[in-house]
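Asks: Kindly return the folded structure for what I paste below:
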Amino acid sequence: MRAAPEMRPPWYRSKPAMSVLLVAVFLLLCAVIDPGESNPLWRLPPLLKALPYAINDAVQYMLFEWMPIPVYDPIMDLYEQKPLLREVTRGVSDGLLFVINLVREVLLGGVNTIVAFTGWDFINDHEWVYWPALPWTVVAGWAALIGYRLDGLRLAALGAATTCFIAIFGQWEPSMQTLSFVLITAPVAALQGLGLGIWCYRSSVVEAAMNPLLNVAQTMPHYSYLVPVIVLFGVGDHAAAVATIVFATPPMVRLTLLGLKGVPNDVVEAGLMTGCSNRQLTFKVLIPAAKRDVLLGVNQVVMQCLAMTVIASFVGAKGLGSNLMIALNSLKIGTGIEIGICIVLMAVFLDKVSIAWANRKTDYFADRTFLQRHTALLLGAGILVAGALLAMLGSVIFREDFNYLHQIPHNKGLTTETFWQGLVDWIWNAFFEPLNSFNKFLISSVLVPMRDAYLAMPVAATFLLVGGMAYILAGLRSAVIVLLYLLFIAFSEYWDRALITAYMASFAVIVSAVLGVTVGTLCAQNAHASRTALLLCDFFQTFPSFIYLIPVILLFGITDTSVIIAAIAYATVPATRYTIEGLLSIPEVLQDAGSMAGVSRFQRLVSIEFPVAFPHIMLGLNQTVIFALFMVIIGAFIGTTDLGQLILKAISDPQGTGVGLVLGVCVAFIGLAADQVIRTWANNKKRMLGLA
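Replies: Next comes the predicted model:
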């Protein structure tokens, strides 16, 4: 019997026809709806205007009045009633500050840790009491040793080169301040994420409750974490550490849960059959089996902590980020570039180390001697002794100057600032006219008209367009979710600012997607070009996002053009990577079938490879949207009029907690709306192609 012919929907129900009709109705509504704040079709009333103030009142109540407990005051020798939350936040702050200072003084020397156990009177009475700084040669040797043990000579050379560059160019003290910050925040965030990931794995109810929180946390801008932290924890390294830990925890939770869910059932059953308790099953069976995913989570935590180093300087974090902010505020581009190179080198090395750790295989059945088991510790001790002897020798050689074999003081080493500043001046003198002309053209002919067009969209027309496209691409459920996200923003008082954010992000996404897909497609045609492009993507993805602002400020000054181009550069990386990986994942059977059918290379690319790789490319577009949105918000530092500017203002406002959180949620909802549509669309395509 012949199969019944497939019933196709009428032409007017096809996606292209529905899209054209939707756009036509949208344009009609834009033309007929009169602008006016009292017209609900133009702008919805700000029903959530009081929400930030309610959040402020709640935080103030929790911090100063909620649940008073008796606390002993040793100075007054009596008990006082103090709010529980304030005492908890103070305890957390003191604990974090203590361990940060401890690690910092191990690297740089100092007396604060000793004072914590003795007191300043003891220090003043005994001048010899001082914690000596580690010589920079010791840290360089340890970095090389760690690199060699994990991934051989190349990583050892990278570790040695990174630490030597930082020391020789006079950035040792701020670099060690940054490293001490990461060495505390990363383990805390990793352990916290590991615990939450295990909890989610054990309970589907907890997982369901955590998912929306993780979604919002991973799409909220960096600045938003700072506002409530300032109110609860004050200003300083401890406050920056709390914000960084909160920011870095979600990816660890996700990857831990993913790794535990990926453990084969046979492994779990084998553990149960041997009589393992739940605790033994978790820590001796599941986590070792999911080791690679868990360690990849650690890698993401380290990168997130480094990404926050510059942002955390807004609340008092010391280190390279603080110095970079000062340099950029003073328009010392040469100094900023030099500091940026140090941050990038540190980020690349820590990224390679954590990836190598994740990929390293452990032989649990190796029969090794004591010396073989502890070779690294013995070599590390030898490096410490050798470095100490070199420092003692340096104290004799450099008796009348700084001991360059111990620690090179900040900004007392070599510097390339003059070179970079000269390069900046040369670029401005040589290319000022074309750069200025391009800047003026882009702003006046593209960005301003696009911004005005977004601001001229009535809320009713915007809801129709966005909800309609979500329905066409991803179905009714996604359309409802997206409209709920938009409804929250529309009922706040930040709708116009959100439109400005959306215009900047959408422009960056369009350009990034075109560039990324084009470059990725061209590179995927050649194995050598693919490997090179993926290596470059790995390299550029390790850059903390703030670094991308340095070259664009150099070229275009403090304008919207700088923010847009930085967002394009930052967001093109995932678009390129996912395009290459998607095209390389095409089964050879399909490629051979296309060749046997006599199609040309271009026809095979368009008719076979692109449709099959489309879901993977769309996931890259999803990452491109999030990256562009983050960079647009960070761009508030150099002057924009979007949501990021208001978040930045909220940091310095004592009553800015509620405003900062609501603004952060608005930005997160923009990202989540795009994520909902793109991810659902990609998953539907996967099912249609039989890939899911």
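Asks: Now the host helix or strand of Val301: average pLDDT?
Replies: Using DSSP states H and E, Val301 sits in helix 291-311. If you average the pLDDT over helix 291-311, you get 85.
Asks: Packing partners of it?
Replies: Helix 291-311 makes packing contacts with helix 172-202, helix 222-233, helix 237-261, helix 320-329, helix 333-359 when contacts are defined by 3 or more CB pairs under 8 Å, 6 or more residues apart in numbering; DSSP states H and E. For every residue, glycine as well, the C-beta is placed using N, CA and C.
Asks: hey, which helix or strand in this structure has the poorest pLDDT?
Replies: helix 588-596 (a mean of 68; mean pLDDT, DSSP states H and E).
Asks: Mind giving me the packing neighbours of the next helix or strand after it?
Replies: Using DSSP H and E, the helix or strand that follows helix 588-596 in sequence is helix 601-604. When contacts are defined as 3+ CB pairs under 8 Å, 6+ apart, helix 601-604 packs onto helix 588-596.
Asks: Run through the residues that contact the most centrally placed residue in the chain.
Replies: Closest to where the C-alpha atoms of the chain average out (CA atoms, centre = their mean) is Gln304, at 4.7 Å. By CB atoms under 8 Å, 6 or more residues apart in numbering, the contact set of Gln304 is Ala189, Thr244, Phe247, Ala248, Pro251.
Asks: now with 6 Å?
Replies: Counting by CB atoms under 6 Å, 6 or more residues apart in numbering, Gln304 touches Phe247, Ala248.
Asks: Could you check how far it is from Ile198?
Replies: Gln304 sits 20 Å away from Ile198, going by CB to CB, to the nearest Å.
Asks: for stretch 660-668, the distance to its chain's centre please.
Replies: Here stretch 660-668 shows a centroid-to-chain-centroid distance of 17 Å under the convention CA atoms, centre = their mean, to the nearest Å.
Asks: tell me the mean pLDDT for it?
Replies: Mean predicted confidence for stretch 660-668 is 89.
Asks: ok, now stretch 148-168?
Replies: When pLDDT is averaged along stretch 148-168, the result is 90.
Asks: And for it, what's in contact with it?
Replies: Stretch 148-168 has contacts (CB under 6 Å, 6+ apart) with 136, 139-140, 143-144, 147, 172, 175, 342, 345, 349, 352, 356-357, 376, 408, 413-414.
Asks: Any of the residues you listed buried? List them.
Replies: 136, 139-140, 143-144, 147, 172, 175, 342, 345, 349, 352, 356-357, 408, 413 (16 or more other CB atoms under 10 Å).
Asks: For Tyr79, give me phi and psi.
Replies: When quoted as degrees, to the nearest 10, the phi and psi of Tyr79 stand at phi -90, psi 140.
Asks: And the closest residue to it other than its chain neighbours, how close does it get to Ser330?
Replies: Nearest non-adjacent residue to Tyr79, counting by CB to CB, 6 or more residues apart in numbering: Pro70, 4.3 Å away. Distance from Pro70 to Ser330, counting by CB to CB: 49 Å.
Asks: likewise Ile489?
Replies: In terms of CB to CB, Ile489 sits 36 Å off from Ser330.
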